[in-house]
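>>> Sequence below, structure please.
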Amino acid sequence: MSLSPSGEKLLPVARRSLLELSKVQSLFATPLNGRIRVGIPDDFDEGVLEKALSEFSLSNPGVDVIARSGCTARFPQAIQKGELDIAVCSAASIVPGEVFREQQSVWVASRTMHIGPNDPVPLAIINHGCWMGELPKVKLDELGRDYSVAFECTGIMSQKAAIRAGFAVGILYENNVEAGMKILTRKDNFPPLPKFKRSIVIAVNAPQDLAQAMSRAIKQAV
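Take a look at the predicted model:
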């Protein structure tokens, strides 16, 4: 299922309205206090990260927020060890916690980059030592297409810079594709990629009122 064009126009307005309602509600609620440790994916769009943390801090000035940004594959273990209270996780198959979003992954290159259907693929990868860095190599191996790792980094901003420069091809979420980039498909001899589920995982021993408030802030920011 997908939203109609009218629904797409309504969605950001509805989100803003809900946010304003929650702010009004918070005026009459008992102020939250304490500390919460949150894990945020480093492949989130920078606007999402900024909005989620700033809105939460503004609405809950008495709460100390300790944020960790990194590869989501390590977050479930951090939750189990008691190192995080709440985290956003992502995976292409089974994902723990409450799923709140799905995102399509795509092959992306600069619009100025020409790569023939049989040319070796120079890759720009985010290398955390987890599955995300291996995904482009696995998919091209399955296709039998040659490639080389032309650029390795630890964050999406650096990866985007390499793609924009026409230096390499990378995998991004479809909503992270920028002006000046193009999506490569089967006609360009690139294999299809999976959809990724985003979920929120809350530790059993987390301060539940703070965790639920942070969960709402993250969902509203996306």
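
>>> And the pLDDT at the nearest residue to residue 70 once chain neighbours are set aside?
Spatial nearest neighbour of residue 70, chain neighbours left out: residue 42 (5.6 Å); criterion: C-beta to C-beta, 6 or more residues apart in numbering. The C-beta positions use only the backbone N, C-alpha and C, and glycine is treated the same way. Residue 42 is assigned 80 on the pLDDT scale.

>>> do you know how far residue 42 is from residue 154?
When C-beta to C-beta, to the nearest Å is the yardstick, residue 42 and residue 154 sit 8 Å from each other.

>>> residues shared between the contacts of these two?
Common contacts of residue 42 and residue 154 (C-beta atoms under 8 Å, 6 or more residues apart in numbering): residue 126.

>>> more crowded one of these two?
Taking neighbours as other C-beta atoms under 10 Å, residue 42 and residue 154 compare with residue 42 leading, 18 against 14.

>>> surely the more buried one meets residue 155?
Yes: here residue 42 reaches residue 155: they are 5.4 Å apart, a contact under C-beta atoms under 8 Å.

>>> ok, back up a step: please report how far the residue nearest to residue 70 lies from residue 146.
Here residue 42 is placed at a distance of 29 Å from residue 146 (C-beta to C-beta).

>>> The residue nearest the centre of the chain is in what secondary structure piece?
By C-alpha atoms, centre = their mean, the chain has its centre lying nearest to residue 44, at 3.4 Å. In this assignment (DSSP states H and E), residue 44 forms part of neither any helix nor any strand.

>>> thinking it is in contact with residue 88, fair?
Yes: here residue 44 lies in contact with residue 88, judged by C-beta under 8 Å, at a distance of 7.5 Å.

>>> how close does residue 162 get to residue 147?
Counting by C-beta to C-beta, the gap from residue 162 to residue 147 is 14 Å.

>>> which residues of this structure fall in helices?
Counting by DSSP state H, the segments of the chain that form helices are 5-27, 46-59, 75-80, 131-143, 156-164, 208-221.

>>> Residues contacting the fourth one, please?
To tie it back to what came earlier, the one meant is helix 131-143. Under C-beta under 8 Å, 6+ apart, the answer for helix 131-143 is 43, 71, 73, 105, 107, 121, 123, 125-127, 146-147, 149, 152, 169-171, 189-191, 193.
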